[in-house]
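*Asks:* sequence unavailable; structure follows:
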C-alpha cells in the first residue's frame, strides 16, 4: 500500500510540476509576442516547477531503473566482481542519499526565514525539493537492496 502511494504521489508531482512549467513558459512566450508585459514571477516559477519535476522524477527513475549504466566497463569485469558491485553500489548510493536527506532538512529550516525575490514565498518550499528527491531515491534504493539480497539468497 505504501509502495503504491509513494509511486502515485511522485507521478502526480511530476505531472503537476511539468504542467506548471509548461504553463509558465507558455505565458512568457505569449507575453513576448503581445503588448502585455511578462510578469516578473514567471521566471522564478518556471525554475521552481522544473526543479520539482526533476525531484519527483528522480525517485521514479530509480524505481524503474532508468538511470544510465556504464555497461561497457561493467561487462569487462569478472562475473564475481560484477556480482559484488551489484550488491555494493546500491548500498553506497543509499548511504549518500540518506546523508543528503538529513542535511536537506537542515537546509529547509535555514530557508524558512528567507523569501523568494519575485514571488515572495518561503524558500524552505524551494529547498524541500532536495528532500523529496533524496527521500524518494533512498526509498527505492532500499527496495532494490532488499530485492538484491533476496535474489542472492535464492
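*Replies:* Thanks, I have it. From a predicted model like this one, the values you see are computed outputs, not experimental measurements. Numbering: from 1, shown residues only.
*Asks:* would you indicate which residues of the helix or strand hosting residue 152 are buried?
*Replies:* Take DSSP states H and E as the rule and residue 152 turns out to sit in helix 123-153. Applying a neighbour-count criterion of 16 or more other CB atoms under 10 Å, one finds 123-124, 126-141, 144, 148 buried in helix 123-153. Any C-beta I mention is one placed from the backbone N, CA and C, and that applies to glycine too.
*Asks:* and the residue nearest the centre of the chain, what pLDDT?
*Replies:* The centroid of the chain falls nearest to residue 55 when counting by CA atoms, centre = their mean (2.3 Å). For residue 55, the model assigns a pLDDT of 96.
*Asks:* which SS class is it?
*Replies:* Put simply, residue 55 is helix when judged by DSSP: H, G, I helix; E, B strand; the rest coil.
*Asks:* distance check, it against residue 131.
*Replies:* For residue 55, the distance to residue 131 (CB to CB, to the nearest Å) stands at 8 Å.
*Asks:* same question for residue 122.
*Replies:* Taken as CB to CB, the span from residue 122 to residue 131 is 14 Å.
*Asks:* residues contacting residue 40?
*Replies:* The contact partners of residue 40, taken as CB atoms under 8 Å, 6 or more residues apart in numbering, are residue 118.
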